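Engineer: got a structure for you, letters missing:
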């Protein structure tokens, strides 16, 4: 019996150690890019072009940055510009590049108890939701969307944390789970347009406010600093960033549609990033 | 109700269609959970039997711990394994995070206490019945251990199934250490969580029915083998 255990363990270690040295690179990204189907659509083309396979771990932006800090991912595709800049400035990332953007929208129940429909400024709409004490569901998970939401509350001059557990409900989970909660409660929430368009359980929720400049949601690609973690597959990871920000990747991002709508808009500096 | 009906229909279509992605996910679920249960049995049978048979200081405490660890929260085990296997953790050099091996380790940790605690109870009961007989044969401790585990094999199947049920149904640990990576570490439970988060509630529920069907098949196979072997043992 001991021999069986030993053989089994040796086998497990052998297979997985081999897996760690070569094989796919790890991309830590956000639930918005994975759940919308974007990465599933464009990454196979990258693999076809380069022969490099990619594993996607879809978590919130905060968690993705943490994975990068610990060296558990080779490359990150996230959306929280201040944190991305801090990540590179702190030496955790080698560099950051613009990849694409989409935008956030405020969705809510059709009867719109706080009457925000028709408003154009997101912070003012949030202030009105707070004034009415209407249910608002927050990600509460330190994700890029959550950070954007907190910036909007900052602009609105209202601190919703005092109402946490009453009308301000923090789910501490992903965008999909948060939308499920909002749809169940008939509450307001902030969501990225990509997840919203591909989300199937909307209940009665509708887009009530969109197009305000603070709702702009840029995504950046970061290479985890190979100087900090020797095992980072810098060459392959950089090839992915080059591809995403080059003409092939940018065209693939622009061509990706859900229900006939484009979800992400490429904005990389193609001329600077493309190398032959 | 509408979602429920849709889910049942979709589960049927999924199973009948032998969808390649679904088969891959089912295959990985079975591979991870069955391997974890195998490891748990290799450790848990002798451990549980030893606690039942041998008197040693701290035996009561070990027994209590085993029973307590049957209730280990999967998410906590996942987190501990994650911290061990992370590049920043003590076992980071192995590069095991986000691999099926990491999921097997986490599930084995969850299942071992269940197998060990149930084995302890089953073997203790047998020992009360046959203890004097084995004493009179003057069997060595290892021989006693082996004999009792062998004699208890039909009852131990329940311990194995309890462990398998725990492993195949848990989502917290495999989500954290596996990362739910498509075509790499996605299993039935994490796929269900993913579909739920996409708002595809009918698909999520359909996958749940598929998972139940798999558990039913595994349980039925064990039951059949047990019944057949039991009749054979009775005849011999």
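Structural biologist: Nice, I can see it. Model, not experiment: these values are computed from the prediction. Numbers count the residues shown, from 1 in each chain, chains lettered A, B, ... in the order given.

Engineer: Please make it C-alpha for all contacts and neighbour counts, starting now.
Structural biologist: OK.

Engineer: contacting residues for the residue in chain B positioned nearest to chain A?
Structural biologist: Taking C-alpha to the nearest C-alpha as the measure, chain B has residue B:197 as its residue closest to chain A, at 4.0 Å. Taking C-alpha atoms under 8 Å, 6 or more residues apart in numbering or on different chains as the contact definition, residue B:197 lies against A:174, A:175, A:176, A:177, A:180.

Engineer: now, among the residues you listed, which is nearest to chain B?
Structural biologist: residue A:176 (4.0 Å).

Engineer: That closest one should be in a strand, yeah?
Structural biologist: No: counting by DSSP: H, G, I helix; E, B strand; the rest coil, residue A:176 is located in no strand; its state is helix.

Engineer: Not counting sequence-adjacent ones, nearest residue to it?
Structural biologist: On the basis of C-alpha to C-alpha, 6 or more residues apart in numbering or on different chains, the spatially nearest residue to residue A:176 that is not a chain neighbour turns out to be residue B:197, at 4.0 Å.

Engineer: Same question for residue B:219.
Structural biologist: Nearest non-adjacent residue to residue B:219, counting by C-alpha to C-alpha, 6+ apart: residue B:161, 7.0 Å away.

Engineer: List the contacts of the host helix or strand of the one you found.
Structural biologist: Here residue B:161 sits within helix B:153-169, counting by DSSP states H and E. Under the contact criterion C-alpha under 8 Å, 6+ apart, helix B:153-169 has outside partners B:29-30, B:33-34, B:36-37, B:41, B:107, B:110-112, B:114-115, B:118-119, B:122, B:189, B:215, B:219, B:222, B:226, B:230.

Engineer: avg pLDDT for it?
Structural biologist: The average pLDDT for helix B:153-169 rounds to 95.

Engineer: just checking, next helix/strand downstream of that helix?
Structural biologist: helix B:172-178.

Engineer: helices or strands up against that next one?
Structural biologist: Packing contacts for helix B:172-178, counted by 3 or more C-alpha pairs under 8 Å, 6 or more residues apart in numbering or on different chains; DSSP states H and E, involve helix B:74-85, helix B:100-136.

Engineer: Apply 6 Å and report the result again.
Structural biologist: Applying 3 or more C-alpha pairs under 6 Å, 6 or more residues apart in numbering or on different chains; DSSP states H and E, one finds that helix B:172-178 contacts helix B:74-85.

Engineer: now the angle from the helix it packs on to helix B:153-169?
Structural biologist: Using axes from the mean of the first three to the mean of the last three C-alpha atoms, to 10 degrees, the direction of helix B:74-85 lies 80 degrees away from that of helix B:153-169.

Engineer: And the contacts of the helix or strand hosting residue B:13?
Structural biologist: Secondary structure assignment for residue B:13, by DSSP H and E: helix B:2-17. Outside helix B:2-17, the residues that touch it by C-alpha atoms under 6 Å, 6 or more residues apart in numbering or on different chains are B:202, B:205, B:206.

Engineer: if I pick residue A:142, what's in contact with it?
Structural biologist: By C-alpha under 6 Å, 6+ apart, the contact set of residue A:142 is residue A:62.

Engineer: residues from chain A in reach of chain B?
Structural biologist: Residues of chain A lying near chain B by C-alpha under 6 Å from any C-alpha of the partner chain: A:17, A:20, A:56, A:57, A:70, A:71, A:72, A:176, A:177, A:199, A:200, A:201.
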